[in-house]
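*Asks:* Requesting a structural model of the entry that follows:
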Amino acid sequence: MTSGTFSLDGQTFDVDNNVWIVGDDEQVVVIDAPHDVEAIAAAVGDRRLLAVVCTHAHDDHVRQAPALAARFSTDAHPVPVLLHPADREVWELTHEGVPTTDLANGEVVTVAGTDLHVLHTPGHTPGAVSLYAPELATVFTGDTLFAGGPGATGRSFSSFATIVDSIRDVLFELPPETRVHTGHGDDTTIGDESPHLQEWVDRGH
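*Replies:* Residues are numbered from 1 along each chain as shown. So this is what the prediction gives:
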């Protein structure tokens, strides 16, 4: 976890962000690269970084993505920053003109024998994705699904109706025992959250 700020629509908030590192003793991917590049790099250590995968392009999830990728890139093994193209406009708010590599729905990112299946789960942002690892019975949801409800949808580029569709039609189709690793806060499971969907809809969470 790293701490910093999130800024959008002229407002700035203090936030703590989860950073997820998936792999083994030889190679890893980093899921989201927020505030502290030194801390993330230290956690990666001397392992080969295959990619920085962005669950979405809000600044508190991608602020250090280009710097982290550059830190571990070599001429032989450049490290891509993977982002769904629907979030390019949001990315440009923080990293204008900085290139990314497109991440597509249904794509599989493989690291150390573990497959991360890319699920396009828009709503929090247009290009938000979740990463499902069947072998780990785990899904990394970024800011789409938290313990207790959907991610925020009250700011630019977001849609409550869309995030509800993503959660209902994509995430809640996963096995109920699937552990949910979120972008902020505590873990949960699909089974713990799925009974509450109608409550969230009714209150427009």
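*Asks:* Please enumerate residues in contact with stretch 178-196?
*Replies:* Here stretch 178-196 makes contact (CB atoms under 8 Å, 6 or more residues apart in numbering) with 15-18, 20, 32, 55, 61, 132, 136-143, 145-149, 151, 167, 171-172, 174-177. Just so you know, the C-beta spots here come from the backbone N, C-alpha and C atoms, and that holds for glycine as well.
*Asks:* Which members of those residues are classed as buried?
*Replies:* 15, 17-18, 20, 32, 55, 61, 132, 138-143, 145-146, 149, 151, 167, 171-172, 174 (16 or more other CB atoms under 10 Å).
*Asks:* Now do the same for the residue most central in space within the chain: helix, strand or coil?
*Replies:* Nearest to the geometric centre of the chain sits residue 55, at 2.4 Å (CA atoms, centre = their mean). Three-state call for residue 55 (DSSP: H, G, I helix; E, B strand; the rest coil): coil.
*Asks:* who's in contact with the residue lying closest to it once chain neighbours are set aside?
*Replies:* Nearest residue to residue 55, sequence neighbours excluded (CB to CB, 6 or more residues apart in numbering): residue 142, at 2.7 Å. Contacts for residue 142 were tallied using CB under 8 Å, 6+ apart; they are 31-32, 55-56, 61, 121, 124, 128-130, 151, 182-183.
*Asks:* do you know how far residue 142 is from residue 171?
*Replies:* 11 Å (CB to CB, to the nearest Å).
*Asks:* Ok, residue 23 next?
*Replies:* From residue 23 across to residue 171, the span is 23 Å (CB to CB).
*Asks:* again with residue 136
*Replies:* Separation of residue 136 from residue 171 (CB to CB): 15 Å.
*Asks:* likewise residue 103?
*Replies:* Taking CB to CB, one finds residue 103 at 17 Å from residue 171.
*Asks:* so where is the protein shaky, pLDDT-wise?
*Replies:* 205 (pLDDT under 70).
*Asks:* Now the longest helix belonging to the chain: buried residues?
*Replies:* If you go by DSSP state H, the chain has its longest helix at helix 160-169. Residues of helix 160-169 classed as buried: 160, 162, 163, 164, 166, 167 (neighbour count, 16+ other CB under 10 Å).
*Asks:* which residues touch the second one?
*Replies:* Contact partners of residue 162, counting by CB under 8 Å, 6+ apart, are 122, 123, 153.
*Asks:* which residue sits closest to the second one, ignoring its sequence neighbours?
*Replies:* Nearest residue to residue 123, sequence neighbours excluded (CB to CB, 6+ apart): residue 163, at 2.4 Å.
*Asks:* what's the neighbour count on residue 6?
*Replies:* Neighbour count for residue 6, taken as other CB atoms under 10 Å: 21.
*Asks:* which SS state does it fall under?
*Replies:* strand.
*Asks:* what bridges to it?
*Replies:* Beta-bridge partners for residue 6, by DSSP bridges, are residue 13.
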